[in-house]
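*Asks:* model the following, please.
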Amino acid sequence: TGTPKAIAGAAFTLNAAAGVTSGYTGTPTIALLEVQDHANVAIATGALTGAFSAGTGATASGAAFKYLDVGNIKFLANAVTDSGFTAVDQTVDCVAGSSSNTLVGGKYGCTIGSPATATMGRWYPSHYSFTGALAPACTLGGFTYMDQDALGVALTLRAHATTGGAAAASDPVTSRYTAGYPNLASVTISGDNAGVAVAATRLASPAFPIMPNNALWTNGLFQIADNYAFTKLLAGPDGAYDLFKLKAALTDLPGGDGSLLIGAASAQETNTTRVRYGRIQLQNVYGSEFLTLPIPMEIQFWNGTWQRNSIDSCTVIPAYAFSWQFPTGTVPRPNNLAACETRITVSGAAPVYTLNLSAPGAGNAGWADLTLNLGATALAANSQCTAVGGAGASDTPINVTWLQFNWTGSVGNPRARAVFGTFKSPLLYRRENY
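*Replies:* Next up is the predicted model:
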């Protein structure tokens, strides 16, 4: 509340009454540290500009004062003073450095000072501006996987004072537009993908601020800056969101000041980025115990069907991330493949890798189950086979949980079975005669 109501930065007139009906020709000045805002603290440095002209008898005026902030202001006692008008008397006829109107030793103060004023005015923002950017986890590919806590979000709205020209994002920011100012505008950040709404609540870890929101205004800035995970849906894969962006909207209070968020629609939204539901697929394989056995591995994303994520150049899969298990066979079908009689190397690069299992050799026909540990903790002790010999160290997790998938009824790691000593057919050539 407060009158008169004015746009922050708009010029206004300030009058200083001399307390006489004529004869005052001095030029008063303002002690800015003695001017307080609506929170009863000194106004920000540089927030109040302008100067008085010389007095014209009863008053001195300034018509180009500007308050580049919001809220009310008030002048404390002696906020406006004139110590020059009495210069001729200051040697002996008045008390130098004093603004007292009470006689001290038969003299008044040499400084003409103002009394404290009531709260005056209510300034409000001229306009608002927005800047925002989304930074993908995989910079080269320009994408982030769902549930990957690495989607950079940097959003800033600013409340501005006017400079008298066209409203611009470079205009001064009103620093008192913050908690304690009663008329803060509500901001809504929403998601969008190619014109289709996407709930901003899918951004989590940490939880995305509840919208609409006016609690984040601090010193004229409304800011959100963190890394978020675009969460997967419990119902299953969706997307891809290859044109995902965030949009800003601002609502003034009902019956409020009518200040607007400037710029075209493109100036009120972030850049676009890709968000994809991903997984890693392994395939079961079989072959001779005398040959290297390759296992195909592919990084995929959902786009109505599972497709190779050809833009993934960031996901690294090391050999030590695989946990090996060597199941016990049966009498009819013995498993003669002992722990680490074969070892794994990984070739290729994202999104297509090949796991190469070395030939275990004669007498070692059997099978092993391999699990790619995308989690955060080891799966089993002595389950790593990066060298031929006895069981190695524990598998080393790579904490890429966003590429886990519901393969068997619950979300988990990709697995494959490698069988040595099994062939596609026992026949090399068949011929039938009729």
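
*Asks:* how far off centre is stretch 219-227?
*Replies:* Stretch 219-227 has its C-alpha centroid displaced from the chain centroid by 8 Å (Cα atoms, centre = their mean, to the nearest Å).

*Asks:* so for that stretch, what gets flagged as buried?
*Replies:* By 16 or more other Cβ atoms under 10 Å, the buried positions in stretch 219-227 come out as 220, 221, 222, 224, 226, 227. From N, CA and C alone the C-beta is placed, and that goes for glycine too.

*Asks:* go on, stretch 185-203?
*Replies:* Neighbour counts over stretch 185-203 (16+ other Cβ under 10 Å) mark 185, 186, 187, 189, 190, 191, 192, 193, 198, 200, 202, 203 as buried.

*Asks:* now swap in stretch 295-308 and tell me
*Replies:* Quick answer for stretch 295-308 (16+ other Cβ under 10 Å): 295, 297, 298, 299, 300, 301, 302, 303, 306.

*Asks:* can you give me the end-to-end span of that stretch?
*Replies:* From its first residue to its last, stretch 295-308 covers 16 Å (Cα to Cα, to the nearest Å).

*Asks:* just the mean pLDDT for that stretch, thanks.
*Replies:* The pLDDT scores in stretch 295-308 average 97.

*Asks:* contacts for that stretch?
*Replies:* Stretch 295-308 has contacts (Cβ atoms under 8 Å, 6 or more residues apart in numbering) with 145, 237-240, 276-283, 285, 309, 312, 315, 317, 348, 350-357, 370, 372, 403, 414, 416, 418.

*Asks:* swap in stretch 315-335?
*Replies:* For stretch 315-335, the surrounding residues in contact (Cβ under 8 Å, 6+ apart) are 138, 280, 297, 299, 336-340, 344-346, 350-351, 353, 355, 366-374, 378-380, 383-386, 393, 395-398, 400, 403.

*Asks:* list the helices and strands the helix or strand of the chain with the lowest mean pLDDT packs on?
*Replies:* The weakest-scoring helix or strand in the chain, judged by mean pLDDT, DSSP states H and E, is strand 112-113 (a mean of 84). In this structure, strand 112-113 packs against strand 80-82, with contacts taken as 3 or more Cβ pairs under 8 Å, 6 or more residues apart in numbering; DSSP states H and E.

*Asks:* follow-up on the earlier one: got JSON lines for the buried residues of stretch 295-308, with distance to residue 180 too?
*Replies:* Converted to JSON lines, the buried residues of stretch 295-308 look like this (distance: Cβ to Cβ, whole Å):
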{"residue": "295", "distance to residue 180": "63"}
{"residue": "297", "distance to residue 180": "57"}
{"residue": "298", "distance to residue 180": "56"}
{"residue": "299", "distance to residue 180": "51"}
{"residue": "300", "distance to residue 180": "52"}
{"residue": "301", "distance to residue 180": "47"}
{"residue": "302", "distance to residue 180": "48"}
{"residue": "303", "distance to residue 180": "49"}
{"residue": "306", "distance to residue 180": "53"}
